[in-house]
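Undergrad: How does the following fold in three dimensions:
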Amino acid sequence: MQDQKTNTRTANVGIFDDLRQSISDYNKLFKTKLSLLVVFSAVVSFMIASEGTINALGVLVLGLGGFLITAAANTLNQVLEREYDQQMIRTADRPLATGRMTVSKAVLIAGFLSLIGIILLAFFNPWTALLGTISLILYAFVYTPMKRVSPIAVMIGAVPGALPTAIGVVAFDGVISNLALALFAIQFFWQFPHFWAIAWVGDEDYKKAGFQLLPSKTGEKDENTGFQSFIYAILLIIVSWMPYYLEVTGILSAVVLTVIGVVYAFYSWKLYKDCTREAALRLMFCSFIYLPVALIALLVDVI
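TA: The predicted structure follows:
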């Protein structure tokens, strides 16, 4: 009797361990934190376009559709990079890299998620579904393989990376409006210092997999990365005034975006001058703060 109870407890522990591992695996497969940032960008942009009007059903459908498409893109990314993920410390424990999940299962999951996600976006209008599809294709099948070919992959990846803001606006407006282009431009230019700072910090790991991400001609960490980051940060300050000139937002958000843009440019300049891991880390953390502050400032200004 005692042995039976012990076996039952052991079986229950095993089930919970398997459940925890499955949750962890899907979290890594979908890159949940990154996917939620995408959802945040799309939903806040949707609310900016609606001038702060909260459409709960619209937010729910957009958020779920955006999350599913992003999760599908991240899954396909790991299918294509599973052999390279094995070579990097940061990604070695991903489910496909370790063999805990089969390629066929991951592809099936990605197909299901992308289908449902596109259908959900199509409830808004055809443009929203089309942009979601383009984002998925560019990220999984163009950006992903280009990472081992040329640093131009960062520019290619910046397009699907910035599309969530455009998708959010188009979901409300039904057309690719000037506001959609303005918010797309802000998130597009924001990505370069953000991604290059991450690439600098993780350079040794990325090189193990043969990824070419830094913009220098030699592919090494040098002042060129900081200088180009600075140039894009300056361009970001310029395009951040577009919503104001379109008379969508007021002067308050324009000033806020200018101030945080100047801070962003300052840390980019510091990376150019210092060329250190510490400078790259400061720029990276600044980039994490910039985007949510910018989008929330724009939203507050239209309410």
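Undergrad: Point out where this protein drops to low pLDDT.
TA: Applying pLDDT under 70 to the chain flags the ranges 1-14, 217-220.
Undergrad: domains in it, as residue ranges please.
TA: Domain assignment for the chain, taken from automatic domain parsing, gives 13-175, 177-303.
Undergrad: Kindly reformat these as JSON lines and extend each row with mean neighbour count.
TA: Where you see a C-beta, it was placed from the backbone N, CA and C, and this is true even at glycine. Output for these, formatted as JSON lines (neighbours: other Cβ atoms under 10 Å):
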{"stretch": "domain 13-175", "mean neighbour count": "19"}
{"stretch": "domain 177-303", "mean neighbour count": "19"}
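Undergrad: now the helices for the stretch 201-303 of the chain?
TA: With DSSP state H, counting those that start in this stretch, the ranges of helices along the stretch 201-303 of the chain come out as 203-208, 223-239, 242-245, 251-274, 277-302.
Undergrad: which residues sit against the second one?
TA: Spelled out, that is helix 223-239. By Cβ atoms under 8 Å, 6 or more residues apart in numbering, the surrounding residues in contact with helix 223-239 are 182, 185-186, 189-190, 192-193, 196-197, 199-200, 214-217, 257-258, 261-262, 264-265, 268-275, 279, 283.
Undergrad: and what of stretch 124-138?
TA: 58, 61-62, 65-66, 69, 72-73, 76, 114, 117-119, 121-122, 156-157, 159-160, 163-164, 166-167, 170-172, 174-176.
Undergrad: In contact with the nearest residue to L213 once chain neighbours are set aside, which residues?
TA: The shortest distance from L213 to any non-neighbouring residue, by Cβ to Cβ, 6 or more residues apart in numbering, is to A199 (3.9 Å). When contacts are counted by Cβ under 8 Å, 6+ apart, A199 touches 154, 206, 213-214, 225.
Undergrad: and of these, the nearest to L246?
TA: V154 (27.8 Å; Cβ to Cβ).
Undergrad: OK, contacts around the closest one?
TA: With contact set as Cβ under 8 Å, 6+ apart, V154 has these partners: 191-192, 195-196, 199, 213, 215.
Undergrad: For L80, give its distance to Q228.
TA: 27 Å (Cβ to Cβ, to the nearest Å).
Undergrad: just F112 next, same as before
TA: Taken as Cβ to Cβ, the span from F112 to Q228 is 39 Å.
Undergrad: ok so, going back, and the contacts of A199, which two are the farthest apart?
TA: Y206 and T225 (12.9 Å).
Undergrad: Which stretches in the stretch 51-200 of the chain count as helices?
TA: 56-80, 82-85, 95-98, 103-122, 126-137, 144-146, 153-173, 178-201.
Undergrad: Looking at those, which is nearest to S50?
TA: Among the helices of the stretch 51-200 of the chain, helix 153-173 comes nearest to S50, with 5.2 Å by Cβ to Cβ.
Undergrad: gap between that closest one and the chain center?
TA: Its chain's C-alpha centre and that of helix 153-173 lie 10 Å apart, by Cα atoms, centre = their mean, to the nearest Å.
Undergrad: what do you get for stretch 278-289?
TA: That offset, for stretch 278-289, works out to 16 Å (Cα atoms, centre = their mean).
Undergrad: So what touches it?
TA: Under Cβ under 8 Å, 6+ apart, the answer for stretch 278-289 is 190, 193-194, 197-198, 200-201, 226, 229, 260, 263-264, 267-268, 270-271, 273.
Undergrad: Same check on stretch 42-50?
TA: With Cβ under 8 Å, 6+ apart, stretch 42-50 has contacts from 53-54, 58-59, 62-63, 66, 164-169, 171-173, 177, 179-180, 183, 243, 248-249, 295-296, 298-299, 302.
Undergrad: now with 7 Å?
TA: 54, 58-59, 62-63, 66, 164-165, 167-169, 171-173, 179, 183, 295-296, 298-299, 302 (Cβ atoms under 7 Å, 6 or more residues apart in numbering).
Undergrad: Contacts only, for A265.
TA: 230, 233-234, 237.
Undergrad: Excluding chain neighbours, what is closest to it?
TA: A233 is the one closest to A265 (Cβ to Cβ, 6+ apart), at 3.8 Å.
Undergrad: Since that was my last question, I'll sign off now.
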